[in-house]
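Engineer: Compute the structure for the input listed below.
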Amino acid sequence: MTAEQAVGPIDGSGTGRARCVLAPNPGMMTLDGTNTWLIAEPGSATVIVVDPGPDDVGHLERVRAAVAERDQRVAVIVLTHRHLDHSAGAPRLAELTGAPVRAVDPAQRLGPLGLSAGDVLTDGGCELRVIETPGHTSDSVSLHIPADDAVLTGDTVLGRGTAVIADDGSLADYLESLHRLRLLADQTGLRALLPGHGPLLADPAGVLDFYLAHRAERLDEVRAALAAGDRTPAEIVPRVYAAVDRGLWPFAESSVRAQLRYLADRGELPPGVSW
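Structural biologist: Alright, predicted model coming up:
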C-alpha cells in the first residue's frame, strides 16, 4: 500500500455531505491546489465552508456560487490550520457572506467562537466533529463527518505524497495524530479521507498505515545519516531526500529539523548536532 492512489477529478468530488471546490493555486506544496470543502446535509439551507483557500476573488466567488446554486447560505467558515493557502481567503469570504470564522488560532478567528477538540458543529445540518490533530502545525485539526464515514484531514494527510512538519509543528504530536486517526478508522469504519490537497483517499486505514511506516523509515534514515557523520539538516537532506525534487529540499529541511528535535527529546542525538 502507498499513499498514491488513482487520481480522479478533484473539483466537484466528495461524499454525500462534502463537496470540493478546487482553488486555482497549484504548486509543489499545494499539489493541484487547495481543496475548499462545502459541508451540508442534503436539503440543508445552510453550509459549512472548510478552508476557503487563498485570497483569490475568482475562487471565492465560485465558492459562493456553488452554495447559491443549491439555494443555500454559508453559516460558518472553519479553518483546519493557519497556513495562508488554506486561510487567507477567510476574511474576504466572511465579508461576502456574513459568516463567522472559527479556528484554533485566535488570530484567525472572526467572531466569538474558537475551535476545540470535541466540538460538534451542526451548522450544515449534519454533525461535523472536531478532532485535534497537531503536528503539521501546532493548530491543525481534522473534521469527522460520521454520517459519511469520512474525515477532512487538512494537511495532516494529503491526497498524494506525505505532509511536511512545519517549523511550528512537532513530529511527536504528528505521530500521535496519525495514531488517533488510525484508531478512528478502526472504531468507525472510515471510508474516505478528504485532504486539503489532492484527491479523495478511499482506503483510510491503508493510507494511515503507510504514513506511519513512512515516518518510521525516515527516522531510521536520519539516524543512519547521523551515524555517517552528518550533523546539520543541510547535510542530512541530500542523503535522506536524494530522490526528492531539489526544489522541495528547503521544505525537507523543516521536516529534518522536526526529526532532530524528536530524537533530541529521546536522548538519541550524538554530540555536535545543530538545527
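Engineer: Any idea how many residues pack against Pro100?
Structural biologist: 18 (other CB atoms under 10 Å). For glycine as for every other residue, the C-beta is placed from the backbone atoms N, C-alpha and C.
Engineer: My error: substitute Ala65 in the last question.
Structural biologist: Ala65 has 10 neighbouring residues, counting by other CB under 10 Å.
Engineer: What average pLDDT does the host helix or strand of it get?
Structural biologist: Secondary-structure assignment from DSSP states H and E places Ala65 in helix 57-68. Average pLDDT, helix 57-68: 97.
Engineer: just checking, next helix/strand downstream of it?
Structural biologist: strand 73-78.
Engineer: quick one: strands adjacent to that following strand?
Structural biologist: Counting by DSSP bridges, the strands paired with strand 73-78 are strand 46-50 (parallel), strand 101-102 (parallel).
Engineer: for this structure, what's the longest helix?
Structural biologist: helix 204-227 (DSSP state H).
Engineer: How far off centre is it?
Structural biologist: Relative to its parent chain, helix 204-227 has a centroid offset of 18 Å by CA atoms, centre = their mean, to the nearest Å.
Engineer: Against which helices or strands is it packed?
Structural biologist: helix 171-188, strand 192-195, helix 233-240, helix 249-265 (3 or more CB pairs under 8 Å, 6 or more residues apart in numbering; DSSP states H and E).
Engineer: most tightly surrounded among those?
Structural biologist: Each of the helices and strands packed on helix 204-227 was scored by mean neighbour count; the highest is strand 192-195, a mean of 26, by mean count of other CB atoms under 10 Å.
Engineer: As CSV, could you dump the C-alpha coordinates of that one?
Structural biologist: Coordinates of the C-alpha atoms in strand 192-195 are reproduced here as CSV (Å, rounded to 0.1, in the frame of the first residue of the first chain):
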residue,chain,number,x,y,z
ALA,A,192,-12.8,8.2,3.0
LEU,A,193,-10.2,10.8,3.8
LEU,A,194,-10.9,14.3,2.3
PRO,A,195,-7.5,16.0,2.2
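Engineer: ok, residues contacting it?
Structural biologist: 14-15, 18, 20, 35, 37, 148-155, 157-159, 200-202, 204, 207 (CB atoms under 8 Å, 6 or more residues apart in numbering).
Engineer: now, which of those lie within helices?
Structural biologist: Counting by DSSP H, those contribute 204, 207 to helices.
Engineer: Strands of the stretch 1-150 of the chain, start to end?
Structural biologist: With strands called from DSSP state E, counting those that start in this stretch, the stretch 1-150 of the chain shows them at 18-22, 35-39, 46-50, 73-78, 101-102, 120-121, 128-132, 141-145, 150-154.
Engineer: So Ala163: helix, strand or coil?
Structural biologist: Look at Ala163: counting by DSSP: H, G, I helix; E, B strand; the rest coil, its state is coil.
Engineer: So Ala172 is in contact with Asp265, correct?
Structural biologist: Yes: contact criterion CB atoms under 8 Å: Ala172 and Asp265 qualify, at 6.8 Å.
Engineer: Can you pull the residues that touch both of these two?
Structural biologist: Between them, Ala172 and Asp265 share no contacting residue under CB under 8 Å, 6+ apart.
Engineer: in the stretch 151-275 of the chain, what spans have low per-residue confidence?
Structural biologist: Along the stretch 151-275 of the chain, no part satisfies pLDDT under 70.
Engineer: same question, the stretch 1-150 of the chain
Structural biologist: In the stretch 1-150 of the chain (pLDDT under 70), the answer is 1-8.
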